[in-house]
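Student: Just to be clear, the model below is a prediction. Sequence and coordinates:
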Amino acid sequence: MAVVRASHVWKVFGRNEKEVVKRIKAGADRSDLTDLGTAAVIDASFEVSKGEIFVVMGLSGSGKSTLIRMINGLWAPSDGTIEIAGNDIGTMSTTELRQARRDHISMVFQHFALLPHRTVRENAAYALNLQGVARGEAIERADTWLDAVGLGGWGDKYPNQLSGGMQQRVGLARALAAETDILLMDEAFSALDPLIRREMQDQLVELQASLGKTIVFITHDLNEAMYLGDRIAVMRDGRIAQIGTSEDILTRPTDDYVANFVQDVDRTRVLTASSIMQDTNAVVRHSASPRTAMRLFERERVSGLFVIDSTRHLLGTVSDSSAVRAAREDATALSDHLETEGILTVGPDTPLSELFAPSSTARVPLAVVDDDNRLLGVIPRIAVLNSMSQLGPATGEMPLVTPLPATVEPQDDIDPSLDDSDAPEPKPGIAAAGNADEPAHAASSTTTFPDGTDGPDSGGPADDTKGADR
Ligand SMILES: Nc1ncnc2c1ncn2[C@@H]1O[C@H](COP(=O)(O)OP(=O)(O)OP(=O)(O)O)[C@@H](O)[C@H]1O
Ligand SMILES: [Mg+2]
């Protein structure tokens, strides 16, 4: 169930809210109505589920803070409804609203809003005092949450004795100590310097893994949005331009505005193994006979197969040469001919940036497995290389595959000490075309077969090449 639900929510600041809503609904442009009021949020609808980090991203003035203040009940929508845990907050009395806020919602602000004359512990316990929690328990809970955010032992200090990053941790501890199910964070990390900011992002992700809060996180930092958000809403001029996962927004932007907005994002941090993994039919059960395996080698035109059990747990690989050997020995199953060395597994959420190194050394395609080591898909090296070459200049990546000149003109002015004419002939395929980047370099140490593996003796299964240019 949605913990937060916004349905066609509008907020107009000004003399005549309803009139502005009416006129924009009838097709007027908000910029022509500034005499009547500022339409800060226009027809916003979304749901945030339990345990989700929902990021609202947009330029300054796009309506992010106004939106979060309506969720918090600080502003009443000019039109539309906001529901918290299924209850429309527009129909609540002031007392009910205050109660709902206290029970359900905590906020973390950009400027830490700590009370300067209270200790760190008292600040962390602040919301608990408001909730009427007994002092002893409040102090205990405050200390627990200060510990959780890495501030154990700092409870007796005052805010001005702490760095900015530490003060924001107190803000976070204060919000967490209230133990509400919803956490609203408005540019909570924006005032921090980049390293501390990254630490706080990591900490939030880590805490969220065990807390499972419903978080609405506002930022105008794209990389932060992409790193934290399970889903992201991109706001433009009061409207939500797109809602989707970071991958949706990067790979399927709804319009040019969103596409331009996200063009500088570091895709290697955002895209994951699951976005480039491929299905493979080069898979065989461990109980299968060597002859079945040989038929598969032929049908799939590969030199190795992944071996799984009946519930797709990955057990190893078998090469075509081992299968032939097993058949000659009249083996009934492949189990005794498994190879377990040299397979590298990654999780579906492994960022692209972490696939380059394993892929460059792997003798077989990377296997993508779930937490139980069940095979979800494979990533041949060529898919990693392709994904890099499609990243575009914004990431600063060099194109990986540079065509060799058809003929090499003799050059008289070349420094003889640089002459590498004794070097071995370039290998075919990727190795020949690659520049000095690591993956291609590693590929050049072995013969690369068109199927993306190191050939029949690699002991590894290969994916066929048809999906490799996806
Ligand atoms: N209290 C207010 N009275 C009048 N106009 C307001 C008020 N609060 C916000 N606005 C206007 O509403 C629009 C959206 O403002 P909002 O603060 O929601 O933007 P934002 O996306 O949070 O921007 P920023 O990234 O700068 O924080 C702006 O045009 C702003 O001037
Ligand atoms: Mg704001």
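Tutor: Done, it's in. Ligands and ions are numbered 1, 2, ... in the order given.
Student: Direction included, what does the helix or strand hosting F306 pair against?
Tutor: For F306, the host element (DSSP states H and E) is strand 304-308. Sheet pairing here is set by DSSP bridges, and for strand 304-308 it gives strand 283-285 (parallel), strand 314-319 (antiparallel).
Student: how far out from the middle of the chain is it?
Tutor: Offset of strand 304-308 from its chain centre (CA atoms, centre = their mean, to the nearest Å): 30 Å.
Student: Contacts for it next, please.
Tutor: 280, 282-286, 293, 296-297, 314-320, 323, 334, 338, 343, 364, 367, 374-375, 378, 453, 458-462 (CB atoms under 8 Å, 6 or more residues apart in numbering). To be clear about C-beta, it is placed using only N, CA and C from the backbone, and glycine gets the same treatment.
Student: out of the strands paired with strand 304-308, which comes closest to T81?
Tutor: In terms of CB to CB, the element of the strands paired with strand 304-308 nearest to T81 is strand 314-319, at 48.5 Å.
Student: Identify all contacting residues around that closest one.
Tutor: Residues outside strand 314-319 that contact it (CB under 8 Å, 6+ apart): 284, 286, 293, 303-309, 334, 337-340, 342-343, 345, 364, 367, 369, 373-375, 456-461.
Student: and that strand, what's its mean pLDDT?
Tutor: Mean pLDDT, computed over strand 314-319, is 92.
Student: ok, S62 - contacts?
Tutor: Residues in contact with S62 (CB under 8 Å, 6+ apart) are 235-238.
Student: any low-confidence regions in the stretch 251-400 of the chain?
Tutor: 388-400 (pLDDT under 70).
Student: where along the stretch 301-450 of the chain do the strands fall?
Tutor: Using DSSP state E, counting those that start in this stretch, the strands assigned to the stretch 301-450 of the chain run over residues 304-308, 314-319, 345-346, 366-369, 375-379.
Student: Compare the strands paired with strand 304-308 and give me the one nearest ligand 1.
Tutor: Evaluated with CB to the nearest ligand atom, the strands paired with strand 304-308 place strand 314-319 nearest to ligand 1, the distance being 46.3 Å.
Student: any idea how far the residue nearest to K18 when sequence neighbours are not counted lies from G90?
Tutor: Leaving out its chain neighbours, the residue that sits closest to K18 by CB to CB, 6 or more residues apart in numbering is S78, at 6.8 Å. The gap separating S78 from G90 is 11 Å, by CB to CB, to the nearest Å.
Student: Compare these two (neighbour count), which wins?
Tutor: Shown here are S78 and G90; by other CB atoms under 10 Å, S78 has more neighbours (23 against 15).
Student: thought that one was touching V12?
Tutor: Yes. Contact criterion CB atoms under 8 Å: S78 and V12 qualify, at 4.5 Å.
Student: Are there residues contacting both of these two? Which ones?
Tutor: Common contact partners of S78 and V12 (CB under 8 Å, 6+ apart): 20-21.
Student: rewinding a little: how about the strands of the stretch 301-450 of the chain, which one is nearest ligand 1?
Tutor: strand 345-346 (36.4 Å).
Student: Given that closest one, what are its sheet partners and their directions?
Tutor: Within its sheet, and counting by DSSP bridges, strand 345-346 is paired with strand 366-369 (parallel).
Student: C-alpha coordinates for the strand it pairs with, CSV please?
Tutor: Coordinates of each C-alpha in strand 366-369 appear next as CSV, following Å, rounded to 0.1, in the frame of the first residue of the first chain:
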residue,chain,number,x,y,z
LEU,A,366,30.3,-12.8,-16.1
ALA,A,367,27.5,-14.7,-14.5
VAL,A,368,24.8,-12.6,-12.9
VAL,A,369,23.4,-14.4,-9.8
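Student: Appreciated, that's everything.
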